[in-house]
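**Q** Provide a 3D model corresponding to the input given below.
(4 chains)
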4 protein chains.
Amino acid sequence: MIIIMSRSAQDEQVERIQQRLRELGFGVHLSQGVEKTVIGAIGDKTPELIHSIAAMEGVERVVPVLKPFKLSSRDFKSDQTQVQVGDVVFGGNQAVIIAGPCAVENQEQLLSTAKLVKAAGAHMLRGGAFKPRTSPYTFQGLKVEGLKLIQEVSRETGLPVITEVVSPHEVELVARYAQMLQIGARNMQNFPLLQEVGKAKLPVLLKRGIAATIEEWLMAAEYIIKEGNYQVVLCERGIRTFETATRNTLDLSALALVKKWSHLPVIADPSHGSGRRDLVLPLSRAALAAGADGLMIEVHPNPERALSDGPQSLTFGEFAQLTKDLAPILQAVERVL
Amino acid sequence: MIIIMSRSAQDEQVERIQQRLRELGFGVHLSQGVEKTVIGAIGDKTPELIHSIAAMEGVERVVPVLKPFKLSSRDFKSDQTQVQVGDVVFGGNQAVIIAGPCAVENQEQLLSTAKLVKAAGAHMLRGGAFKPRTSPYTFQGLKVEGLKLIQEVSRETGLPVITEVVSPHEVELVARYAQMLQIGARNMQNFPLLQEVGKAKLPVLLKRGIAATIEEWLMAAEYIIKEGNYQVVLCERGIRTFETATRNTLDLSALALVKKWSHLPVIADPSHGSGRRDLVLPLSRAALAAGADGLMIEVHPNPERALSDGPQSLTFGEFAQLTKDLAPILQAVERVL
Amino acid sequence: MIIIMSRSAQDEQVERIQQRLRELGFGVHLSQGVEKTVIGAIGDKTPELIHSIAAMEGVERVVPVLKPFKLSSRDFKSDQTQVQVGDVVFGGNQAVIIAGPCAVENQEQLLSTAKLVKAAGAHMLRGGAFKPRTSPYTFQGLKVEGLKLIQEVSRETGLPVITEVVSPHEVELVARYAQMLQIGARNMQNFPLLQEVGKAKLPVLLKRGIAATIEEWLMAAEYIIKEGNYQVVLCERGIRTFETATRNTLDLSALALVKKWSHLPVIADPSHGSGRRDLVLPLSRAALAAGADGLMIEVHPNPERALSDGPQSLTFGEFAQLTKDLAPILQAVERVL
Amino acid sequence: MIIIMSRSAQDEQVERIQQRLRELGFGVHLSQGVEKTVIGAIGDKTPELIHSIAAMEGVERVVPVLKPFKLSSRDFKSDQTQVQVGDVVFGGNQAVIIAGPCAVENQEQLLSTAKLVKAAGAHMLRGGAFKPRTSPYTFQGLKVEGLKLIQEVSRETGLPVITEVVSPHEVELVARYAQMLQIGARNMQNFPLLQEVGKAKLPVLLKRGIAATIEEWLMAAEYIIKEGNYQVVLCERGIRTFETATRNTLDLSALALVKKWSHLPVIADPSHGSGRRDLVLPLSRAALAAGADGLMIEVHPNPERALSDGPQSLTFGEFAQLTKDLAPILQAVERVL
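**A** Presented below is the predicted three-dimensional model:
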């Protein structure tokens, strides 16, 4: 790390910092400019040292030299990770399409959706049984009953299912019914939950928090991998900005950058990313063109009766059309459905 | 709610929406403008109806008329709520000062801090035993051992203690050792956790999420109150903006607005709110002047050896000076320490 | 517009608002809910009326029913506008590529770049003679000398040139040398400048401000069109968010939405949009896939000696490779270079 | 500056950068870590060198050591600058209150407001003659006629007047009628305008742009001072965030930080900062407590008939009450009206 001293720092303060760094095992390098002094500290230490040095008298700021993520980094593992869920492979030449309703509502809704999205080319089914909702007065999901429906529909259609888990002590339960665990945007920094899915044997889809930096997102992946679960797929689903015409701002530059920084597969969720049904197609095309390894799309048999997220859900007809409309882009990026 | 139809909406679509609204028990009111049709729906229904109507063909957008928060609202309860922790009362004429280290590190650190902050005028001690940290490679807290130290120091000094809880199934454990439970910014929308502290008998401090709107913050409080726990204190601790010179942007307009919209006490955390030791005093003064019912301030015997948040922690001397420097402002806002 | 009264509004306040609305020529529609009263005002009036009504006693908020942009809207003109610059047409089936250096530095730099980018497939040359720079201590452009170089190089290569204008009284000057005028992000709401380019006979490229909403962006276009100049091309160039790994966040959902709301052509600037050379290709692909009518890309013969924006400029080799790499996407979106 | 090389940087790239730095007159300092190489470059050079070095092969990023602002910095001038307008002094022990309507509408409106705000304790009158408005269809100000009214009212009441200037070639005109020039938020980076007011003999109030960092704000001040005009007062007026309940988020941490970094006086505008009449008092109190040298407040004889910004304007009665309510805070911060 590099320590930039304030202009008014005294020699004795500079000296104390050097002493402390040596004490901590760093190699120390002093560089005295005309106006400011800069101290280089060589050695790969834990992030809290950075903070503790930053708190010392005379320090203006500390600049870390190394990126804090390791296991999720291309520096650690240069080749693309592939994550397998049933026959589906994220990170290969397939553009994985996950489709389904925001929330599981009943057997008929889930089964009809599963059949339709499968026929239209989707590889996996999504559907929430535990729904984190902004308001306590809205539908919170069917919970265990929803998990059972998921399992039943998955068996009947052969589609692997991804569903969200919101509490550390429910990970085991959810893992009994689904083939992939989803960590939602609100839980991206729910560390006990990340650690728990890190201990599970199932692949995990980690959504980016609405105000998370790319670095924080990869640090969250780090929590999962550190527990031994390398089967992590990242999902860009929009960040919160000042714009009010869209629900969120889908950040495809983050997606493209994560593809460079990390070996983990990355998909995009244009449904949450925009909150508008009419933007799902252009953003799906854009995400694939930016390098996404797949898409997650909300589909509902009857969006206007959906118990959540109706305005961004596609109808069956719209979804079938979407998969057709993606064909030329898929060809352009040399991916197959 | 009000439904604004798109310019191209057809009569039949307008008709269908009116039918559906009547079906759902709403009073319906049609207003046909030159360019657009607007439908008023009278009745107090659940938020998902708003979403489901928004998904109907021909709708441009739906505008809710009522605010979604109820139990936390001044409309529901007009007089200021007071929350008591030991002898301390939030929401009265006392400006409650909570001070202490970010993380509990050892007995000596906690005890010396407790004695000092008490002597300098603080009413409560803070200290984290379970620390949610961005990186899995940093200090995660002493956990149960930390809770025991908290209890011991609280008994010895007589200061009530607040500590963070990060997992629903640890609420009961933490509640055995502390006098107030903290929900951190990252967990503001950890709904299972909110529900669990809603069932606890202890007062709760609910920090605002870094990208949470005021409405979402109050909806999170709603989750706690709905379970029966009305002892909720809100804490503004800075939001994430584009500014990089400060760690966060302390949003005192939100604090002032929440004081108007809600009957719950609200305090400010200028330490996290700015991330800079040199801004703690001016922002403490500003927060009290804006109407804050108290402050939460990080203090450490030796910030440069702190295991977390050193750069924003005050030394003992700085904290003692701060409480002195707040005296004129306290007088101005007619509050006492 | 719709006026939502506060819960505590008195009958007399509701009455006064209705009177005032009738006075102003609105049709008035009263809807009394259980908890709140809503007043519908029918008629298409100026935006300040909305503000003035919002200031009346008892009003909680005013919701406009109509979008404030008119001339730039698809409601006003449903077919796609085409803007012609020399032989280049924005808004047709050509994906227009504008390339060149951030700033004009000297004849050799501009001419060599122009020749290269033309050979690699670009249709227009960009190059700034008046450079708005954050710091007064950095290179501010060659000014008139730069304009002369632009004209000379344009004549020699046959490439039309776009260059930025930063001051209303220089519009006429710049228009003598260039074929298209650029309004930079910082000047998106420089209204005297917008009015002046609105009076010019040249096409205008209007960049989105770094914190401008889509609506504000279209309102800025409105300023230009209102003066009689319909030849406006919009350019999404990234917005400012909390993310620090990229210079800006390219907002392709805005681009896609503007394509729906407005008849004006829209292009993307992935160079400023990301600030990173290594993201220019994926974001160029994504922008075209999202529906962009073209791209604006920074190219410099020697980025590491560039007087501005080196880190985001492509070398000649990189640009030539980029135009090749775009071919499959162009085919997918049925556009030609 | 410090150059952090990417992990994959080759020796030859490191060598080239060192050569280039020496060529440019920097002292060079190499520090080879286990994983990365860091180059220190000693010398105070122009910002574009930072950009050009950042564009070189093998560089991951460049960290500037020195802050880019100079003339506005406390390092350059450590004592507080005082700016005088008539008898009013910004930056001394007076808390300067500027009050008046958003826009000058007619003689009667301006004169009655001036008399009232003077009687209630205001020191200066504000009023816009040239109004930059988001929509071209709204009131754009009375222009020269407005300036004449300003002058007339100023003479009659003895209050110095501040008014906005929006175009470089109108600076001279406006300077003939007003005592202080305002640069609005939208023009904070209108560099030709900044340079022109830098040449004027009048004091300048420089509002912060809605998405400007503190550093960019000070760099804008730098443009003015560089032309010879040291009479610059800064004004924090809220930044754009995701929050929708307030028009902007008043950033008092920026205000407090600017007081530390710069010797220029800083005031706050709680009217634009919140957009809500009911927040003007708490935010005025908070701004003074945070160290503001003054306040700018919108007052209108009849906000509900105001041609702009009615919802945030105080009535005469409300303003008179506000100045009374500020008394205890002023005493606490040892300022006088």
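**Q** tell me which parts of the stretch 151-300 of chain A are close to chain B?
**A** A:166-169, A:186-187, A:189-192, A:210-211, A:216, A:219, A:222-223, A:226, A:240, A:277 (Cβ under 8 Å from any Cβ of the partner chain). C-beta: built from backbone N, CA, C; applies to glycine.
**Q** how far away is the residue nearest the centre of chain A from A:A185?
**A** Central residue of chain A (Cα atoms, centre = their mean): A:K207, 2.9 Å from the mean position. For A:K207, the distance to A:A185 equals 5 Å [Cβ to Cβ, to the nearest Å].
**Q** so what sits against both of those two?
**A** Applying Cβ atoms under 8 Å, 6 or more residues apart in numbering or on different chains, one finds that A:K207 and A:A185 are jointly contacted by A:R237.
**Q** can you pull out the strands in the stretch 101-250 of chain A?
**A** Remark: strands assigned in the stretch 101-250 of chain A by DSSP state E, counting those that start in this stretch are A:124-126, A:161-164, A:180-183, A:204-207, A:232-236.
**Q** any idea of the mean pLDDT for the helix or strand that the longest one is followed by?
**A** Per DSSP states H and E, the first helix or strand lying C-terminal to strand A:232-236 is helix A:252-261. For helix A:252-261, the mean pLDDT works out to 97.
**Q** Could you give me the buried positions within the lengthiest helix in chain A?
**A** Criterion DSSP state H: the longest helix present in chain A is helix A:316-332. Using 16 or more other Cβ atoms under 10 Å in any protein chain shown as the test for burial, helix A:316-332 gives A:F316, A:E318, A:F319, A:A320, A:L322, A:T323, A:L326, A:P328, A:I329, A:L330, A:A332.
**Q** residue contacts, the closest residue to the first one other than its chain neighbours?
**A** Leaving aside its sequence neighbours, A:F316 sits nearest to A:L116 (Cβ to Cβ, 6 or more residues apart in numbering or on different chains; 4.6 Å). Taking Cβ under 8 Å, 6+ apart as the criterion, A:L116 is in contact with A:V299, A:P301, A:F316, A:F319, A:A320.
**Q** Redo the residues you listed as a markdown table? Include distance to A:A268 and pLDDT.
**A** What follows is the contacts of A:L116, written out as a markdown table (distance: Cβ to Cβ, whole Å; pLDDT from 0 to 100):
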| residue | distance to A:A268 | pLDDT |
| --- | --- | --- |
| A:V299 | 16 | 96 |
| A:P301 | 24 | 92 |
| A:F316 | 22 | 96 |
| A:F319 | 16 | 97 |
| A:A320 | 20 | 97 |
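**Q** Out of those, the closest to chain C would be?
**A** The shortest approach to chain C among those belongs to A:F319, at 18.0 Å (Cβ to the nearest Cβ).
**Q** so the closest one makes contact with A:V117?
**A** Yes - taking Cβ atoms under 8 Å as the definition, A:F319 is a contact partner of A:V117 at 6.3 Å.
**Q** What separation do you get for the residue of the stretch 101-250 of chain A found nearest chain B and C:G275?
**A** Closest residue of the stretch 101-250 of chain A to chain B, Cβ to the nearest Cβ: A:A211 (3.3 Å). Look at A:A211 and C:G275: by Cβ to Cβ, they are 20 Å apart.
**Q** From the rest of the structure, what touches the longest helix of chain A?
**A** So helix A:316-332 is contacted by A:95, A:97, A:99, A:113, A:116-117, A:119-122, A:277, A:280-281, A:284-285, A:288-289, A:297, A:299, A:301, A:314, A:336-337, C:285, C:289, C:328-329, C:331-334 (Cβ under 8 Å, 6+ apart).
**Q** among those residues, which ones are buried?
**A** Among the contacts of helix A:316-332, the ones that count as buried by 16+ other Cβ under 10 Å are A:95, A:97, A:99, A:113, A:116-117, A:120-122, A:277, A:280-281, A:284-285, A:288-289, A:297, A:299, A:301, A:314, C:285, C:289, C:328-329, C:332-333.
**Q** Tell me where the stretch 201-337 of chain A is predicted with low confidence.
**A** Under the criterion pLDDT under 70, no range of the stretch 201-337 of chain A is flagged.
**Q** does the residue lying closest to A:I297 once chain neighbours are set aside sit in a helix or strand, and which one?
**A** Spatially, and ignoring its direct neighbours in sequence, A:I297 is nearest to A:A99 (4.8 Å; Cβ to Cβ, 6+ apart). In the assignment (DSSP H and E), A:A99 maps to strand A:96-100.
**Q** packing partners for that strand?
**A** With contacts defined as 3 or more Cβ pairs under 8 Å, 6 or more residues apart in numbering or on different chains; DSSP states H and E, strand A:96-100 has these neighbours: strand A:88-90, helix A:107-119, strand A:124-126, strand A:294-298.
**Q** what about the last one, distance to the chain center?
**A** To tie it back to what came earlier, the one meant is strand A:294-298. Taking the mean of its C-alpha atoms, strand A:294-298 sits 13 Å from the chain's own mean (Cα atoms, centre = their mean, to the nearest Å).
**Q** which residues touch that strand?
**A** Residues contacting strand A:294-298 (Cβ under 8 Å, 6+ apart): A:90, A:94-102, A:122, A:126, A:205, A:233, A:235, A:237, A:265, A:267-272, A:280, A:284, A:287-288, A:309, A:312-314, A:319, A:322.
**Q** same thing with the first one?
**A** With Cβ under 8 Å, 6+ apart as the contact definition, strand A:88-90 has outside contacts at A:82-84, A:94, A:96, A:123-124, A:160, A:203, A:233, A:265, A:267, A:293-294.
**Q** Mind listing the strands it pairs with, and their directions?
**A** According to DSSP bridges, strand A:88-90 forms sheet pairs with strand A:83-85 (antiparallel).
**Q** Pull the contacting residues for A:L288.
**A** So A:L288 contacts A:A95, A:L295, A:L326, A:I329, A:L330, A:V333, A:R335, C:A289 (Cβ under 8 Å, 6+ apart).
**Q** Quickly list the domain ranges of chain A.
**A** A:2-63, A:83-332 (automatic domain parsing).
**Q** how about the shortest one, does it reach chain D?
**A** Yes - looking at domain A:2-63 against chain D by Cβ under 8 Å from any Cβ, the contacts come from A:2, A:4, A:7, A:27, A:29, A:31-36, A:38, A:40, A:42-44, A:63.
**Q** Give me the buried entries from those residues.
**A** A:I2, A:I4, A:H29, A:S31, A:G33, A:K36, A:V38, A:G40, A:I42, A:V63.
**Q** Mind putting those into CSV with secondary structure, distance to chain B and pLDDT?
**A** Formatted as CSV, these follow (DSSP: H, G, I helix; E, B strand; the rest coil; distance: Cβ to the nearest Cβ, whole Å; pLDDT from 0 to 100):
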residue, secondary structure, distance to chain B, pLDDT
A:I2, strand, 15, 89
A:I4, strand, 13, 91
A:H29, strand, 20, 85
A:S31, strand, 21, 86
A:G33, coil, 21, 81
A:K36, coil, 17, 87
A:V38, strand, 18, 90
A:G40, strand, 19, 88
A:I42, strand, 18, 85
A:V63, strand, 12, 87
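**Q** rewinding a little: now distance to D:R74 too, for the strands of the stretch 101-250 of chain A, in CSV please.
**A** Listed next are these as CSV, based on distance: least, Cβ to Cβ, whole Å:
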stretch, distance to D:R74
strand A:124-126, 55
strand A:161-164, 51
strand A:180-183, 46
strand A:204-207, 44
strand A:232-236, 42
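**Q** Now for A:Q19, how many residues are close by?
**A** 11 (other Cβ atoms under 10 Å in any protein chain shown).
**Q** Let's verify it: helix, strand, or coil?
**A** helix (DSSP: H, G, I helix; E, B strand; the rest coil).
**Q** No more questions from me, cheers.
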